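> fold the following for me, if possible:
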Amino acid sequence: PLRLGAALIGVLAGYRTTPGPLTTAQLRGLHRLGRRLLLLLLHSDQAGADEPTGLRLYRAEVHQATGFLAAELGISLEEALLRLRAHAAAEDQSLSDLAQAVLTRRLPAGTFNRAT
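The predicted model follows:
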């Protein structure tokens with residue numbers, strides 16, 4: 001997993017040319033590569049290009065709203081972010097605006113309870 005704090009950014013998959021598990025050294029190298037690639041993705045927008053080419057992270061309010069929903073609803077961070085994204089898509093609303101509504105309590109956490 002490629003993580004930035006508690007947020008899962010992506011996954012790096014490694015393959016071998018022969019069957020079998022990776023050695024300890026190979027796993028260590030893969031983890032090191034993953035950390036470096038994540039840093040590269042995070043800082044590539046700062047190269048001065050007119051159009052961003054790297055990873056675009058959501059603003060802090062999305063991460064804060066994700067953590068808030070996870071705590072309020074007793075769910076994982078991944079599940080909370082999925083619910084935020086789904087609600088934003090269903091309401092045709094930006095994720096940042098939705099996060100602001102959650103953090104300012106204009107939209108209660110109960111709105112994101114899964115329908116049973």
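> neighbours of residue 38, how many?
17 (other Cβ atoms under 10 Å). Bear in mind the C-beta positions are built from the backbone N, C-alpha and C, glycine included.
> what helix or strand is it located in?
Using DSSP states H and E, residue 38 maps to helix 24-43.
> what's the offset of that helix from the middle of its chain?
17 Å (Cα atoms, centre = their mean, to the nearest Å).
> what's the separation between residue 84 and residue 65?
6 Å (Cβ to Cβ, to the nearest Å).
> determine which residue of the chain is most distant from the centre point.
The centre of the chain is farthest from one residue, residue 18, which by Cα atoms, centre = their mean lies 32.4 Å away.
> the helix or strand of the chain with the lowest mean pLDDT packs against which elements?
Lowest on mean pLDDT, DSSP states H and E among the helices and strands of the chain sits strand 7-10, with a mean of 74. Using 3 or more Cβ pairs under 8 Å, 6 or more residues apart in numbering; DSSP states H and E, the elements in contact with strand 7-10 are strand 2-4, helix 24-43, helix 77-90.
> packed most tightly, which of these would that be?
With neighbours defined as mean count of other Cβ atoms under 10 Å, those peak in mean count at helix 77-90, which reaches a mean of 16.
> could you name the helices and strands sitting against that helix?
strand 7-10, helix 60-73, helix 95-103.
> going by neighbour count, list what's buried in the second one.
Taking 16 or more other Cβ atoms under 10 Å as the basis for neighbour counts, the residues of helix 60-73 that come out buried are 61-63, 65-70, 73.
> output those as CSV; include the columns distance to residue 10.
Shown next, in CSV, are the buried residues of helix 60-73 (distance: Cβ to Cβ, whole Å):
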residue, distance to residue 10
61, 21
62, 16
63, 16
65, 21
66, 16
67, 19
68, 23
69, 21
70, 20
73, 24
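> from these, pick the one nearest residue 35.
The closest of those to residue 35 turns out to be residue 63 (Cβ to Cβ; 19.5 Å).
> mind exporting stretch 34-45 as CSV, just the C-alpha atoms?
Extracted C-alpha coordinates of stretch 34-45, given in CSV (Å, rounded to 0.1, in the frame of the first residue of the first chain):
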residue,chain,number,x,y,z
GLY,A,34,7.0,2.6,-3.1
ARG,A,35,8.0,5.4,-0.7
ARG,A,36,10.1,7.1,-3.3
LEU,A,37,7.4,6.8,-6.0
LEU,A,38,4.9,8.3,-3.6
LEU,A,39,7.2,11.2,-2.9
LEU,A,40,7.8,11.7,-6.6
LEU,A,41,4.1,11.8,-7.2
LEU,A,42,3.4,14.2,-4.4
HIS,A,43,6.1,16.7,-5.5
SER,A,44,5.8,16.5,-9.3
ASP,A,45,3.2,19.3,-9.4
